[in-house]
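# A predicted structure for the sequence below; I have some questions about it.
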Amino acid sequence: MRHIGEGWVAEEAVALALYCVLRYPDDYAACVRRAANSDGDSDSVACIAGGIAAARAGVLDALPAPWIRSTENRATLMDLGMRLAYARG
């Protein structure tokens, strides 16, 4: 991943995130862990990769159940996400 960059600029962060999504297309946790353990702006890369992977597979199908259960304010966040999804179209 070093040849892509460290994610300190947007195009590098997105490229790194896409690499992680493509490397682990069916394993959300592995995708996010790989992104979070990259050099550089790893928290941003992990956020982008997690968002892309969840959008691709669906939040409830992509995220590990223990991660969902332990998310603070999850009911509010899920409600907000649903309202945003319905508002777009």
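Alright, I've got the coordinates. Just so we're clear, the structure is a prediction, and the values are computed from it rather than from any experiment.
# which helix runs longest in the chain?
Of all segments of type helix in the chain, defined using DSSP state H, the longest is helix 42-57.
# number of nearby residues for residue 87?
A total of 7 residues lie near residue 87 under the criterion other C-beta atoms under 10 Å. Where you see a C-beta, it was placed from the backbone N, CA and C, and this is true even at glycine.
# correction: residue 50
Neighbours around residue 50, by other C-beta under 10 Å: 23.
# that one and residue 59, how far apart?
Distance, residue 50 to residue 59, by C-beta to C-beta, to the nearest Å: 10 Å.
# what's the answer for residue 71, then?
Going from residue 71 to residue 59 by C-beta to C-beta gives 10 Å.
# compare the two (neighbour count), which wins?
Ranked by neighbour count (other C-beta under 10 Å), residue 71 and residue 59 place residue 59 first, with 17 against 12.
# mind checking pLDDT for residue 2?
For residue 2, the pLDDT comes out at 67.
# point to the helix or strand of the protein where mean pLDDT is at its lowest.
helix 59-62 (a mean of 84; mean pLDDT, DSSP states H and E).
# ok, which stretches of the protein are helices?
Going by DSSP H, the chain shows helices at 10-23, 28-36, 42-57, 59-62, 65-69, 74-87.
# distance to residue 4 added to those helices, as CSV?
Output for these, formatted as CSV (distance: least, C-beta to C-beta, whole Å):
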stretch, distance to residue 4
helix 10-23, 5
helix 28-36, 12
helix 42-57, 10
helix 59-62, 23
helix 65-69, 26
helix 74-87, 29
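# now residue 28: how far from residue 10?
Distance, residue 28 to residue 10, by C-beta to C-beta: 23 Å.
# between these two, which is the more surrounded one?
Neighbour totals were compared for residue 28 and residue 10, and residue 28 leads with 22 against 11 (other C-beta under 10 Å).
# doesn't residue 64 make contact with that one?
Yes: contact between residue 28 and residue 64 holds when scored by C-beta atoms under 8 Å: they sit 6.9 Å apart.
# appreciated, that's everything.
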